[in-house]
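Asker: A predicted structure for the sequence below; I have some questions about it.
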Amino acid sequence: MASTEFAVNLGGKTYDLRNFVRDHPGGINTLEKFRGKPVGQVMKLYGHSYSAYHMLNDFRVDSGKDANLTGGVSASGRIITKGEADMDHEQIAFLEELESRLDWSKPLLSQLHKIAPHYELWVNSAVYRKCRLFASPVLESLTFTPWYVVPMFWIPIIVCMGVLQFRDHVFCGDSCEEASLSGLEFVGHIVFGFFLWTLLEYSLHRWVFHHDPGSSVILIQLHFLIHGMHHKVPFDGLRQVFPPIPALLLAVILYLPASLLFTHSLIKLTGALIGYLIYDMIHYYVHHGSPRDGTYLYAMKRYHSNHHFLNHDKAFGISSKLWDHIFKTFVQVKNLGFSLHW
């Protein structure tokens, strides 16, 4: 085999993981020792989820079929391997039957009725592919964005809001419309807004993004649009930060009630936007970055991987574990005894 390939064997079938090694939640170093070798026993030993076995179909070496990393037509369903013989065979077979109902070469949003009664099971069975949501190029363009567009869009807005609010409430002199704020009070409002964001981050993720849509096709489509697709295609780098225009609309909607509840709401909004920007950048980095063991982002990368592939109903914090501790959804990630490298 060519040196660029990263072949492994499972149940007599060969899978080329070259495009996946940096995304592997368990790091590159743990995979490297199994290049060209069987992986069935080690996958069982480390408790790989159904999703891990399901995803392997996207890497199967088969000269007659498209690997489907760019949305091309792939084989209908994944071959069940011998390595899964001791797992729930009927469950895995059903996952493959569900997958075969959809045509990934076409927009997915209009096809979700085909898996509606079993949407929760299907959406948490990740694949290593890219997807299209809308047939309309305009609508589709609003659903994805490169990570760097987010800071380019939000940093000028945050700086402008902060400077204007500081001028109007701290350096306003005799022109103050109300009692001026000290610099420390101004920072206090910023920090309070930042803290509010952390609660909002957790709340949206837990109670909105992970709300069970049931079998309603409309609710399923809405869920898939706002968060479900991220669990289905968790390695698509263009769908891991919030596109600026939808994010701006959401910020306006959330600000309206907040402006009635809090004083100096625009200052607090500035702090909340700082929190949001940090969150979005952390979210992208924990999917694609290479943090070192012992760092905060290393811990958050492992924590978020646990949410994606083991505990979908826990570990909702992305930039912080604070609210997971408070609301009893914290997950203790397994201590491996060695460092992971990505």
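Answerer: Looks like it arrived, so ask away. Numbers count the residues shown, from 1 in each chain.

Asker: so who does residue 246 touch?
Answerer: Contacts for residue 246 (C-beta atoms under 8 Å, 6 or more residues apart in numbering) come out as residue 142. C-beta coordinates here come from the backbone N, C-alpha and C atoms, glycine included.

Asker: Which positions in the host helix or strand of it come out as buried?
Answerer: In the assignment (DSSP states H and E), residue 246 maps to helix 244-261. Of the residues in helix 244-261, those buried by neighbour count under the rule 16 or more other C-beta atoms under 10 Å are 244, 247, 251, 255, 258.

Asker: just the residues you listed now: which is nearest residue 218?
Answerer: Using C-beta to C-beta, the shortest approach to residue 218 within the buried residues of helix 244-261 belongs to residue 247, at 22.5 Å.

Asker: re the thing from before, nearest to residue 326, of the buried residues of helix 244-261?
Answerer: Using C-beta to C-beta, these come closest to residue 326 at residue 258, 20.7 Å.

Asker: thought the closest one was touching residue 267?
Answerer: No: applying C-beta atoms under 8 Å, one finds residue 258 not in contact with residue 267, separated by 11.6 Å.

Asker: what element comes up after the helix holding residue 246 heading to the C-terminus?
Answerer: Immediately after helix 244-261, counting by DSSP H and E, sits helix 265-288.

Asker: And that following helix, what does it pack against?
Answerer: For helix 265-288, the elements it packs on are helix 149-169, helix 183-203, helix 244-261, helix 296-309, judged by 3 or more C-beta pairs under 8 Å, 6 or more residues apart in numbering; DSSP states H and E.

Asker: contacts for the very next helix or strand once past the shortest one?
Answerer: Think helix 296-309. For helix 296-309, the succeeding helix or strand toward the C-terminus, using DSSP H and E, is helix 322-326. Identification of contacts with helix 322-326 by C-beta under 8 Å, 6+ apart yields 198, 199, 201, 202, 203, 314, 315, 316, 317, 330, 331.

Asker: Buried ones among these?
Answerer: 198, 201, 202, 314, 315, 316, 317, 330, 331.

Asker: Identify the residues contacting stretch 253-260?
Answerer: Here stretch 253-260 has contacts from 196, 200, 265, 266, 268, 269, using C-beta under 8 Å, 6+ apart.

Asker: from the buried residues of helix 244-261, which has minimum pLDDT?
Answerer: The member of the buried residues of helix 244-261 with the lowest pLDDT is residue 258, at 90.

Asker: Tell me, what's the model's pLDDT at residue 20?
Answerer: Residue 20 is given a pLDDT of 74.
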